[in-house]
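*Asks:* Provided below are the primary sequence and the corresponding predicted coordinates.
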Amino acid sequence: MAAVNAHAGIGALWQQRLEKLQEYEVIRDGNIFRTSFRNSYVFASEYEQARQYLDWLITKYRNVPFTTIFSGNELANEGGVCFSLCSYHPTIVKTIDIERFRSEILTDLTLVLGIGEKIERRLKNRGYQTLYDLLQHQKFRMPARQVIECLTYGNSIDLINLIGRRRSRSHPRVLGTAGFHDPEEYVFLDIETLGLFSRPIILFGVGTIENKRLIVHQYLLRDIDEEQAALIATIEQMSGDHPALITFNGKSFDFPYLQDRLAYYGMNRNSQIPHFDVLQFSRSRWRDEFHSLRLCMLEKEILGINRENDIPGQMVPEFYETYLHTNNCGPLIPIIEHNKQDVVSLALLFFRLLNDYYGCC
Amino acid sequence: MTIMAVADIIGLLKQNPVYKKRVVHIDITESKQPQYGTLAAPLNESICRYLDQRKIHLYSHQCDAINYIREKKHIIITTPTASGKTLAFNIPVFESLAINPKARALYLYPTKALSNDQLATLEQMAHFTGINVKPAIYDGDTPQSKRPAIRENAHIVISNPYELHRVLSWHTKWSEFFSCLQFVVIDEAHRYRGVFGSNVALLIRRLLRLCQYYGSDPQFILSTATLANPLVFAERLTSRSFELVDDDGSPHGKKHFVLYNPFYDGIGERSAHQETKDLLVSCVRGDLQTLCFTGSRKMAELITVWARDDLRHVTSCLVDAIAAYRAGYLLGERRAIEKQLKDGLMKGVVSTNALELGIDIGSLDAVIISGYPGTMMSTCQQAGRAGRKGELSLAILVAQANPLDQYFMHHPDKFFARSYEYAIVDTANPYIVSGHMLCAASELPMNDLTDQKFFGDLYIPLQTELASQNLIRQTGHGWVYAGRGRTADAVHLDGIPGETFRIVCNGRLLETMDRAQAYREAHKGAIMLHQGESYIVKEMDLESHTIRVTETDVDYYTQPLKDVSLAILEVLENCTINGVKCAFGDVEVTEQYTGYKIKRKDTIIGVEVLALPPLIFRTRAFWFVPLENIEHKVTTAGFDFAGGLHGTEHAIIALMPLHVMCDRWDIGGLSSPVYGESGEPTVFIYDAYEGGIGLAEKAFEILPKLFETSYELVRDCLCEEGCPSCIYSPKCGNDNQPLDKQAAELILKDLCESREKKDRTEIWDQCLKSIS
């Protein structure tokens, strides 16, 4: 008897301890002073609503089979199987005025190493209007040539790095380089996870453009062991035909998280891809207008989208865990909807910014 | 000149009428000549030049270490303080890194201060030898912006276990480093004992698991204070087999170890602290560079203040030659004191154990230890600071009034014959192993075939247990962590959650301390000392964890009053042993600071009330209620029942480490002749870790054996009224009072009564076997 029970309770103890590690804080409604802190928060009313919604889902979907609720396919690859959902969304694909963008870049002398805004002004006064003009300049001839070569032969990564280094990584011109890609080459990514780092990704939302429509592929883990298959399905979408990655806060979260999970399963991938983080550009565009730059806030203010039955992203782990423990598929519904809307809003916001800066009127 | 000075002070101690009476024993160790060694093969040329330039001849133990390391053996070095241990491992590490520029080494230090010292040493050696090891510290203070470059470029990374614990989940960023990891150096390894050590042992297994994944198999180099069981300890800590390097070849001069008893007459006119101060002043005035160790941060500051006051009247030029040095000081302050010590400007430094941990200030003329530090290990480390190369040295142990210190004063032979402590590490504590299994599963999927060896026999049962809570889930690629929080945040290596209070004076940060310490030393109205300056606490903001102080100039100090109580929350198990009710369950220990005493020197001049929230700490305990008739038996025999219960508690705590593989400091106890509503006499023994860590639980399963061995310990001890070998505890919160050995013996005997007679020696053999 002792042998069986010797360690009983230890698991529960850890479960308790781990649950105590709140990864978000529930704060009083409208307490916007707290929102300036970096740690994650959920407003009390959102939290209460979500908890009630969870109870409602559990009651409503008790004993309802998975296949009745979700229409999708089982997807198989060398990593195993996972569940794949697909949806189509009308979207306003904007292309940019690439010539205007190119000429703007060509007149940005500060891209040349050694030229700051002051020197640029002086050079322009002396007649050096474009990077090509600088090829005549004794001192800046060589560095200017490198920049032109990068513009002419380089790929978008080199350009992003160049502008990011000389200007800032959130400079609109970094966003503009996305215009060097066809919209069909974009891939929009948003992931839902069991927490902040070092835990499974439970849902991958991947958006691509086909015939001006946005297609959202979602790869869902019906159980934790489907993570590797879903990872493989996701990175297959992210390479080849879709080399340009677009995320919201993905430079700090989604992309390193994805890299980390790939490494966890011993799959190392090239991390050098052109990556446009819409949060960075939103920050420089709207920082002064809104006190919060969360995606759901921006989509409301900018795109006029109001979500119904949405749950705060921070609460996704507890919804998914409820599904795992109870085998009731109800809690998955808002997770999938939330993720889908995130991808759609991300795409809309991206095109909106692109159009605001470099649209062809 | 110094030789004369040391001899003068020893003469003073022997002749001065005040000192003479208090010196109860002088133990003399004769001087020893250096023993040099030979290397199996000559050293790299640049290292030879480095040694020649410093006129260093390698001692025999240093050569042993180098020879072993070159043979790819894991080694543990246990030679004394200041015998050149650091050089003994830095040489072969540099040599290997010079041959293979891709190779990497990880140095683990228990404190940040030690990391900084090692960095300076390594940088100097790298600079001189031209061996480009690019040493760097990577810990909680390393700015984010510098981290990638360190991971990529540093050939020697200096860190601490806490940081390593966090780093392992980011192993992908360290893949280059781990795949080329050739050495793991663990300095001050004796610190990793008991529950903390067991956690570090599992942390090392996680490191080795990642090394296996990245294809490396690092060589371990451990350096420790003298231990009773170095080889077993090293193997438990790292799971590797070791060679021992303990034959010290370094020279030392004639050593005097003085036992000094302010209470020689049984009364003691003044406190041990005042007497410590007198000795310090005499040493400093006699031109001895002196290091004084005290039991608390506060005493370090007070003794400094008093010594400076004395000197102000007699030798004012020496006032600034005395300083306090302790944990909590900011880095810059510590560096300044260390430099002044090396330059000889500083004559006396009063410290807590921050200096015990091998900070490189070289050796001094004299060491004063104010109160027995609790282990022989610490005593030797502290006393080992005395003695410059080949010269006469002096160490003085000043006894406190408590029975433990007094026992040593009355039995000097017992003190000097006392054996070193066992450093116990338990890699089979299910609470600890399960936590690290969760961490491991979040680092890489766990695979039964390759990973079982890291976690031992508990691997399968704990895996089942964790899986039953869905904390790990089986996948085609192994077991994957699937819990909610971050594992590294839930698993604490030393069970101390990091809550920091900031002490601020006019907007300037003076120092930081944890909550318990802040309640003790920085409550409202407390006189806080920092660098010998007095500050009064004006405000303690519990919400923002800020304590505001202002400078003050008072001649008094404060001492907090503490109440400890214990409440049973839930009884989880019951049993009866020889008619005695025993139980195991959840308890809540409450420490309440109720007020503070205001004292001038040794006189109480006032008492103030405090309104601080209690410090509450939940843990698991076992407890028992001795039979009714035993109280009667004890009192009619004329013994003290409360002292008997207290002694029983101490004897059991003394033997727990033998039975449940922990350190004495991992366990707490409380005994009361009238506990709770029923007013029954009760003895509690609890885990000193929030939430409990399985020690009381394991003991509860073997209570009859624990009672029996405890009884035998007390019964067979040859002392008359109790001693450190039986019922005196080095960590008693009540200064070992009251204690009554005869009463304890009766109570313990009763706990074992009616049990079948068993072969005593058999039980003892089993105990000893379990620790070695």
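*Replies:* On my side now, so go ahead. Here the structure is a predicted model, which is why all the values come from computation and not from measurement. Residues are numbered from 1 along each chain as shown, chains lettered A, B, ... in the order given.
*Asks:* please make it C-alpha for all contacts and neighbour counts, starting now.
*Replies:* OK.
*Asks:* tell me the first helix or strand C-terminal of the host helix or strand of residue B:598.
*Replies:* Using DSSP states H and E, residue B:598 sits within strand B:580-600. Scanning forward in sequence from strand B:580-600 by DSSP H and E, the next helix or strand is strand B:603-609.
*Asks:* helices and strands around that next one, which ones?
*Replies:* strand B:580-600 (3 or more C-alpha pairs under 8 Å, 6 or more residues apart in numbering or on different chains; DSSP states H and E).
*Asks:* below-threshold pLDDT in chain B: ranges please.
*Replies:* B:1-4, B:327-328, B:331, B:353-362, B:389, B:403, B:495-499, B:754-772 (pLDDT under 70).
*Asks:* what residues does it put near chain A?
*Replies:* Contacts of chain B with chain A, taken as C-alpha under 8 Å from any C-alpha of the partner chain, map to B:169, B:172, B:430-431, B:434-435, B:442-445, B:461-462, B:465-471, B:473-477, B:480-487, B:489-490.
*Asks:* mind checking which of those are buried?
*Replies:* B:169, B:172, B:430-431, B:434-435, B:442-445, B:461-462, B:465-467, B:469-471, B:473-475, B:480-487, B:490 (16 or more other C-alpha atoms under 10 Å in any protein chain shown).
*Asks:* among those residues, which ones are in helices?
*Replies:* Members of these lying in helices (criterion: DSSP state H): B:430-431, B:434-435, B:442-443, B:461-462, B:465-467, B:487, B:490.
*Asks:* in the stretch 51-200 of chain A, which spans are strands?
*Replies:* Applying DSSP state E, counting those that start in this stretch to the stretch 51-200 of chain A gives strands spanning A:73-77, A:80-90, A:186-193.
*Asks:* please disregard the earlier target; I meant the stretch 251-361 of chain A.
*Replies:* Using DSSP E, counting those that start in this stretch, strands in the stretch 251-361 of chain A cover A:275-277.
*Asks:* would you mind listing what in it touches chain B?
*Replies:* Near chain B, when you scan the stretch 251-361 of chain A using C-alpha under 8 Å from any C-alpha, you find A:260, A:263-265, A:317-318, A:325.
*Asks:* so what's residue A:315 up against?
*Replies:* Shown in contact with residue A:315 (C-alpha atoms under 8 Å, 6 or more residues apart in numbering or on different chains): no residues.
*Asks:* gap between it and chain B?
*Replies:* Counting by C-alpha to the nearest C-alpha, to the nearest Å, the gap from residue A:315 to chain B is 11 Å.
*Asks:* quick one: pLDDT of that residue?
*Replies:* Here, the pLDDT recorded for residue A:315 equals 91.
*Asks:* hang on, the earlier thing: just the buried ones from the residues of the stretch 251-361 of chain A next to chain B, in PyMOL syntax?
*Replies:* Burial among those is assessed by 16+ other C-alpha under 10 Å; the matching PyMOL selection reads:
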select buried, chain A and resi 260+263+264+265+317+318
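*Asks:* spatially, which two of the residues of the stretch 251-361 of chain A next to chain B are the most separated?
*Replies:* A:263 and A:325 (27.4 Å; C-alpha to C-alpha).
*Asks:* can you list the buried residues in stretch A:313-332?
*Replies:* A:314-324, A:327-332.
*Asks:* okay, domains of chain A per the record?
*Replies:* A:39-93+A:180-358, A:98-167 (automatic domain parsing).
*Asks:* chain center to the shortest one: distance?
*Replies:* Here the centre of mass of C-alpha atoms in domain A:98-167, compared against the chain's by C-alpha atoms, centre = their mean, to the nearest Å, lies 30 Å away.
*Asks:* try stretch B:70-83
*Replies:* The answer for stretch B:70-83 is 21 Å, by C-alpha atoms, centre = their mean.
*Asks:* sorry, back to before: remind me what the strand holding residue B:598 packs against, helices and strands.
*Replies:* So strand B:580-600, by 3+ C-alpha pairs under 8 Å, 6+ apart, packs with strand B:557-577, strand B:603-609, strand B:615-625, helix B:695-701.
*Asks:* wait, which of these is closest to residue B:202?
*Replies:* helix B:695-701 (17.1 Å).
*Asks:* for the helix or strand hosting residue B:165, buried residues please.
*Replies:* Assessed by DSSP H and E, residue B:165 sits inside helix B:161-167. Within helix B:161-167, the residues scored as buried using 16+ other C-alpha under 10 Å are B:161-162, B:164-167.
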